[in-house]
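[1] give me the fold of what follows.
(chains A, B, C and D)
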2 protein chains.
Amino acid sequence: MAQPATMAHSNPASRLSRLTVNRLSLYLRRLEALAAEGVKTVSSGQLGEDLGVSDAQVRKDLAYLGHLGYPGVGYYPQELIGVIRRTLGLDHDWAVVLIGAGNLARALLKYRGFQQQGFRIVAVFDADPNKVGERLDELTVTPMSSLAETIARHQAQLGIIAVPAPAAQSVADELAAAGIRGILNFAPAVLRLPPQVHLVAVDLAVQLEQLAFLVRQDLDPQ
Amino acid sequence: MAQPATMAHSNPASRLSRLTVNRLSLYLRRLEALAAEGVKTVSSGQLGEDLGVSDAQVRKDLAYLGHLGYPGVGYYPQELIGVIRRTLGLDHDWAVVLIGAGNLARALLKYRGFQQQGFRIVAVFDADPNKVGERLDELTVTPMSSLAETIARHQAQLGIIAVPAPAAQSVADELAAAGIRGILNFAPAVLRLPPQVHLVAVDLAVQLEQLAFLVRQDLDPQ
DNA sequence: TAGATTGTTAATCGATTAACAATC
DNA sequence: TAGATTGTTAATCGATTAACAATC
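    All right, here's what the predicted structure looks like:
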């Protein structure tokens, strides 16, 4: 809107790298806490210090979203919260389906951070007939055979894969075929997806191995 | 050992970036699968294609670990597995303590990827007296008061924080005070730790928001 | 006003890719 | 040998930081 006409077809969000988007999530969480505390303004230096990010980095990240800062003053948390939420797509709810009804699924269902940002898990599926019908929180475990129908009914756009690695690719294929647009994958498997389906992978073993490497290197450099 | 004397104080591992270490974990997992299938040699092109990494990237990453490739032939999975495991510190077991006895803890206790790489969860703690004494898999939930003693007894070097965000910093402080050298943090909180304690954070909300951003940008560019 | 703080540029740093001589 | 493939260099790409004029 405030963009000059010559920039009409430029898309600010498309310039945001994965790293910047990650930090925007962190800024958002911190800003929400500051707003709840009644803080009226915050500087890039303060916000960065709270999160372990440089002040220049904070300003650069936020400048991608527009002229949101006030020289000599800082940023207004309330204003920033609105802009970041819109940028991240958090200005409306997301219907999410969860595949796999194990302990990780239980943990994710209870995870408040998802609910708070408008992610609604609308169905849980499992391939194991013994788990189908089981009650998980507010939901009843549904058979995989009703995946496509359930996704269509809820107009779910996101899916979370929490099944063992060998099953992950076939679940991903089913999700893609059912029209899911983004997958958060917890299975330790590399997934192949059509280009219109976005993928974010959380690989727990990789993260723990990263930690082992850091400690090992520190204790026993060689 | 095979290093010339002039490089005696250079530390190859210290040159490895976090990104490279992450990929080494992925290479390791794939190589273990290849070895199990009886594959005798693999090229950088093949390994990269399996994991979505360029061939040049694979060669560069592996070259940090030494001259492990054979021109015209490729790499020997068995040889590479040994070197990567040593580099990542996976050539011995790690005793790990788990703080928080909720659903995420249950999921982590059952996670095969940890056990397979030699991570042994030796104790589970919870601040809630109602949870203390509860059986989780092979372990009994222990009160926080015995944290330091238990860590010392098992000589645990790694800790996993799976408690709510408000409790995370105080748990981290206790772990650091008890001599833990590395923390894998699942709480959505920024932790402050002394420099000798390494930190890897897995932030589930950030990852799901990353996914929402990608999908939103794709569906509704503006 | 003086002081604080932004947005942005240029410099720096780091990671990836392309290309190819060397090797088997 | 011819073909395949490595290790490494130089080129490219991208992200971070330092610095400071502009602004309130």
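[2] correct me, but A:Gly74 touches A:Thr41?
    Yes - the pair A:Gly74 / A:Thr41 is scored as a contact, 4.4 Å apart, by C-beta atoms under 8 Å. Every C-beta, even on glycine, is put in place using the N, C-alpha and C of the backbone.
[3] look at the two and report which has more neighbours.
    Comparing A:Gly74 with A:Thr41 by other C-beta atoms under 10 Å in any protein chain shown, the one with more neighbours is A:Gly74, at 17 against 13.
[4] contacts only, for the more buried one.
    A:41-44, A:46 (C-beta atoms under 8 Å, 6 or more residues apart in numbering or on different chains).
[5] and those residues as TSV, adding pLDDT and distance to DNA strand C?
    TSV is the format used below for the contacts of A:Gly74 (pLDDT from 0 to 100; distance: C-beta to the nearest atom of the strand, whole Å):
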residue	pLDDT	distance to DNA strand C
A:Thr41	98	8
A:Val42	98	7
A:Ser43	98	4
A:Ser44	98	4
A:Gln46	98	7
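[6] max-length strand in chain A?
    Secondary structure of chain A read by DSSP state E shows that its longest strand is strand A:119-126.
[7] closest residue of chain A to DNA strand C?
    A:Gly69 (2.3 Å; C-beta to the nearest atom of the strand).
[8] what is the least confident helix or strand in chain A by mean pLDDT packed up against?
    Every helix and strand of chain A was ranked by mean pLDDT, DSSP states H and E. The lowest is helix A:112-116, at a mean of 90. Identification of packing neighbours for helix A:112-116 by 3 or more C-beta pairs under 8 Å, 6 or more residues apart in numbering or on different chains; DSSP states H and E yields helix B:204-219.
[9] would you mark the buried spots in the longest strand of chain A?
    A:119, A:121-126 (16 or more other C-beta atoms under 10 Å in any protein chain shown).
[10] now do the contacts for the residue of chain A closest to DNA strand C.
    A:Gly69 makes contact with A:44, A:59, A:62-63, A:75, according to C-beta under 8 Å, 6+ apart.
[11] got it, and A:Pro188?
    A:165, A:203-206, B:29, B:113.
[12] again, only this time at 6 Å
    Residues near A:Pro188 by C-beta atoms under 6 Å, 6 or more residues apart in numbering or on different chains: A:165, A:203, A:205, B:113.
[13] please apply the same query to A:Leu193.
    Neighbouring residues of A:Leu193 by C-beta under 6 Å, 6+ apart: A:172, A:176, A:199.
[14] circling back: now, among the contacts of A:Gly74, which is nearest to B:Leu16?
    B:Leu16 lies nearest to A:Ser44 out of these, by C-beta to C-beta, at 31.4 Å.
[15] how about the contacts made by the closest one?
    A:55, A:58-59 are the contacts of A:Ser44 under C-beta under 6 Å, 6+ apart.
[16] ok, 8 Å please
    Residues in contact with A:Ser44 (C-beta under 8 Å, 6+ apart) are A:55-56, A:58-59, A:62, A:69, A:74-75.
[17] need the residues you listed in CSV (columns: pLDDT and secondary structure).
    Output for the contacts of A:Ser44, formatted as CSV (pLDDT from 0 to 100; DSSP: H, G, I helix; E, B strand; the rest coil):
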residue, pLDDT, secondary structure
A:Asp55, 98, helix
A:Ala56, 98, helix
A:Val58, 98, helix
A:Arg59, 98, helix
A:Leu62, 98, helix
A:Gly69, 97, strand
A:Gly74, 98, strand
A:Tyr75, 98, strand
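[18] need those residues in TSV with distance to A:Val96, can you?
    TSV is the format used below for these (distance: C-beta to C-beta, whole Å):
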residue	distance to A:Val96
A:Asp55	35
A:Ala56	35
A:Val58	30
A:Arg59	33
A:Leu62	28
A:Gly69	34
A:Gly74	35
A:Tyr75	31
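[19] out of those residues, which comes closest to B:Pro195?
    Once C-beta to C-beta is applied, the member of these that ends up nearest B:Pro195 is A:Asp55, at 21.6 Å.
[20] which residues touch A:Pro164?
    Counting by C-beta under 8 Å, 6+ apart, A:Pro164 makes contact with A:100, A:187.
[21] check the gap between it and A:Leu193 for me.
    Distance, A:Pro164 to A:Leu193, by C-beta to C-beta, to the nearest Å: 19 Å.
[22] where does chain A have low pLDDT?
    A:1-14, A:222 (pLDDT under 70).
[23] do a quick rundown of the strands in it.
    For chain A, applying DSSP E gives strands covering A:69-70, A:74-75, A:94-99, A:119-126, A:135-136, A:139-143, A:158-161, A:182-185, A:198-201.
[24] could you confirm whether the lengthiest helix in chain A reaches DNA strand D?
    Taking DSSP state H as the criterion, chain A has its longest helix at helix A:18-36. Yes - using C-beta under 7 Å from any atom of the strand, helix A:18-36 reaches DNA strand D at A:18-20.
[25] so which residues on chain A come close to DNA strand C?
    When proximity is defined as C-beta under 7 Å from any atom of the strand, chain A approaches DNA strand C at A:43-45, A:55-56, A:59-60, A:62-63, A:67-75.
[26] show me which of the residues you listed are buried.
    By neighbour count, with 16+ other C-beta under 10 Å, the residues of chain A next to DNA strand C hold A:43-44, A:59, A:62, A:68-69, A:74-75 as buried.
[27] from the residues you listed, which two are the most distant?
    Spanning the widest gap among those are A:Ser43 and A:Leu68, at 12.5 Å by C-beta to C-beta.
[28] which neighbours do those two share?
    Common neighbours of A:Ser43 and A:Leu68 (C-beta under 8 Å, 6+ apart) are A:Tyr75.
[29] ok, now which ones touch A:Gly38?
    A:Gly38 makes contact with no residue, according to C-beta under 8 Å, 6+ apart.
[30] go with 10 Å
    A:Pro77 (C-beta atoms under 10 Å, 6 or more residues apart in numbering or on different chains).
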